[in-house]
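1. Fold the following for me, if possible:
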Amino acid sequence: MGPLMIRILKSFAFLTLIGQSLSACADTGQNSAACLSSDITVKDMERAKANAFETLDTRAKANMATSMVACLGHPDPAIRDGIAYAGLTALLRSGTLPQDDIRALRDQLLVIVETNDADGYSAPFAALVLSEVARTDRVEPYLTDSEFDQLVQAAATYVNGVTDYRGFSDTEGWRHGIAHGADWLMQLSLNPALTDDHANILLKAIQTQIPSGNGHIYIHGEPGRLARPVLFIAMQQGRSEQAWTEWLAPLIDPAPMSEWGEAYKSEAGLARLHNVKSFLQALYVAASLSSNTEVKPLIDPVTEALRALP
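-> Next up is the predicted model:
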C-alpha cells in the first residue's frame, strides 16, 4: 500500500470518527432538549421533589410527571436518576396522583420502553418507573384485567428484548436495563392479580436473561435482582418441586456444549457459567432464608441445579 493510499484511509477514518462524535452529540443534545423544552425547568422539578409535591395541585402534578418522564433520557445522572426517576417515584408513592393520570403516565412510559435511544438511558429508567406504576396497582388495585395483562406482557417483552447490558459508569451513571426490568417483574409478581399464566410469562422472560447475551458477565447485582421475582412467584403460586425442576432444567443444560467443562475454553462459556451460577446462588440464599412455606419446594431443585454445575 502506497503512502498516498495510507493518507487517504487515515483521512477517511478521521472523518468517520468526527461524524460519529457529532451524531453522539446530537443524540445527547436531543435528550437534553426534550427534558428542558417544557415550561417546567429542572429547578422546578427539584423544588417540587424537595417539597414532596405538596405545593402543587392535581393538574400541576400531572404536568410535572410528564416533564420528569422527558428527563429520564437526560445524559446527566443527577437529573436522570436523582431528579426525574426519584421525583416520579416519590410522586407515585405519595398516593396523590389520580388513577387516570397514572394511566397516562403508564402509556408514555410504555412507548419509551419500546424505543431504543442512542444513549441507552431512557428505556431502562422508563422500565424502573413502570415498576412503580405496577406498585400503585398492587397497593390499591385499579387496573382492569386487560390493563394488567398488558402490563405483564409489556414487562416480559422488555426484559426479553434487552441487549444493552451496561450497568454503572463513573462518568455516565446507571443504565442497568436487566435489573430495572427485573424490578418491574418483581412488582408484578407481588400483585394478587397474578395468575399462573402471568407467572409463566414472567418466568420465561427471566429464564432468557439469566445467562445474558453477547458474552456479558453480570457484575452489577443483576442475578440477585432476577432472583427476586422468582422468589415472590414461588410465594404466590405454591409451585411443586417438579415444576421448579422443569423450569431450572434449561439453565443447567450445557448445550450447545457437550458438557459444562467446555465453558472453561471460551469467554462466552465462562460468562454463561458465571451468570447461571450467580443466579442460582442468589436464589438459593433467598429461598433458604425465607420463612414462607410456599418457598420450600424451590430449595431442593435449586440445590440440585447448583450441584449440576462445575
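2. What residue spans form the domains of this protein?
-> As assigned by automatic domain parsing, the chain contains the domains 20-178, 210-310.
3. His198 is nearest to which of these?
-> Nearest of the domains of the chain to His198, taken as Cβ to Cβ: domain 20-178 at 4.8 Å. Where C-beta positions appear, they are placed from N, C-alpha and C, glycine not excepted.
4. Now do the strands in the stretch 151-300 of the chain.
-> Along the stretch 151-300 of the chain, counting by DSSP state E, counting those that start in this stretch, strands occupy 168-169, 173-174.
5. Check those for me and report the most buried one.
-> strand 173-174 (a mean of 19; mean count of other Cβ atoms under 10 Å).
6. In the sheet, which strands lie alongside it, parallel or antiparallel?
-> The pairing partners recorded for strand 173-174 under DSSP bridges are strand 168-169 (antiparallel).
7. So, low pLDDT: which residues of this protein?
-> For the chain, applying pLDDT under 70 flags the ranges 1-34, 36-38.
8. Switch the domains of the chain over to CSV; also include distance to Ala193.
-> Listed next are these as CSV, based on distance: least, Cβ to Cβ, whole Å:
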stretch, distance to Ala193
domain 20-178, 5
domain 210-310, 10
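9. closest one to Asp196 among these?
-> The closest of those to Asp196 is domain 210-310. By Cβ to Cβ, the value is 6.6 Å.
10. Endpoint to endpoint, the closest one covers what distance?
-> 17 Å (Cα to Cα, to the nearest Å).
11. which outside residues touch whichever strand or helix holds Gln150?
-> Using DSSP states H and E, Gln150 maps to helix 145-161. Contacts to helix 145-161, defined as Cβ atoms under 8 Å, 6 or more residues apart in numbering, come from residues 103, 106, 110, 113-114, 123, 127, 130, 133-134, 137, 143, 178, 181-182, 184-185, 188, 191, 193-194, 198, 201-202, 204-206, 208-209.
12. quick check, distance from it to the centre of its chain.
-> Here helix 145-161 is found 13 Å from its chain centre; the criterion is Cα atoms, centre = their mean, to the nearest Å.
13. Could you export that helix as PDB, keeping only the C-alpha atoms?
-> Extracted in PDB, the C-alpha atoms of helix 145-161 (Å, rounded to 0.1, in the frame of the first residue of the first chain):
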ATOM      1  CA  ASP A 145     -57.800  -7.300  33.900                       C
ATOM      2  CA  SER A 146     -56.900  -6.400  30.300                       C
ATOM      3  CA  GLU A 147     -54.700  -3.500  31.600                       C
ATOM      4  CA  PHE A 148     -52.900  -5.800  34.000                       C
ATOM      5  CA  ASP A 149     -52.400  -8.400  31.200                       C
ATOM      6  CA  GLN A 150     -50.900  -5.600  29.000                       C
ATOM      7  CA  LEU A 151     -48.500  -4.600  31.800                       C
ATOM      8  CA  VAL A 152     -47.400  -8.200  32.300                       C
ATOM      9  CA  GLN A 153     -46.800  -8.700  28.600                       C
ATOM     10  CA  ALA A 154     -45.000  -5.400  28.200                       C
ATOM     11  CA  ALA A 155     -42.700  -6.100  31.100                       C
ATOM     12  CA  ALA A 156     -41.800  -9.600  29.700                       C
ATOM     13  CA  THR A 157     -41.300  -8.200  26.200                       C
ATOM     14  CA  TYR A 158     -39.000  -5.500  27.500                       C
ATOM     15  CA  VAL A 159     -36.900  -8.000  29.600                       C
ATOM     16  CA  ASN A 160     -36.700 -10.400  26.700                       C
ATOM     17  CA  GLY A 161     -35.500  -7.700  24.400                       C
END
